[in-house]
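Chemist: The following block contains a protein sequence and its predicted model.
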Amino acid sequence: MSLRRMLLLILTLGIVLLSACGGGYYVAAAPPPPRYAVAGYAPGPGYVWTDGYWDWRGGSWFWVAGSWRRPPHRGAVWVPAHWDRYGHRYRMVPGHWRR
């Protein structure tokens, strides 16, 4: 592989990674109201229920069901995915663990 192709590949990957770290994306339509479901029993001690959320995929809304997850470290708190409004657009903030 030539040096020029290698640099182009590294630059492209860097842009993709940095854009993914930007935390979310924007859509013009408001998400539908949340769906509610019974979480059931945790599969084991230490699991936390993470609520479902609406995601924007392929030009329409898609429901992502909630799930049981284990915190990555002691004291971690789940911050649910949500949509923030910015004028006439909405920005997706993915769910994540916080210390």
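Modeler: That came through, no problem. Numbers count the residues shown, from 1 in each chain.
Chemist: tally of neighbours for Arg91?
Modeler: Per other CB atoms under 10 Å, the neighbour tally for Arg91 reads 15. Any C-beta I mention is one placed from the backbone N, CA and C, and that applies to glycine too.
Chemist: Is it part of a helix or strand, or is it coil?
Modeler: In terms of secondary structure, Arg91 is strand; the call rests on DSSP: H, G, I helix; E, B strand; the rest coil.
Chemist: before we move on, what about Val38?
Modeler: Going by three-state DSSP, the secondary structure assigned to Val38 is coil.
Chemist: contacting residues for it?
Modeler: Residues in contact with Val38, defined by CB atoms under 8 Å, 6 or more residues apart in numbering, are absent; none qualify.
Chemist: Do you have the strands of this protein handy? List them.
Modeler: In chain order, the chain shows strands spanning 26-27, 48-50, 53-57, 60-64, 67-69, 77-79, 82-86, 89-93, 96-98, with DSSP state E as the criterion.
Chemist: Just the buried residues of the third one, please?
Modeler: Think strand 53-57. Buried residues in strand 53-57, counting neighbours by 16 or more other CB atoms under 10 Å, are found at Tyr53, Trp54, Asp55, Trp56.
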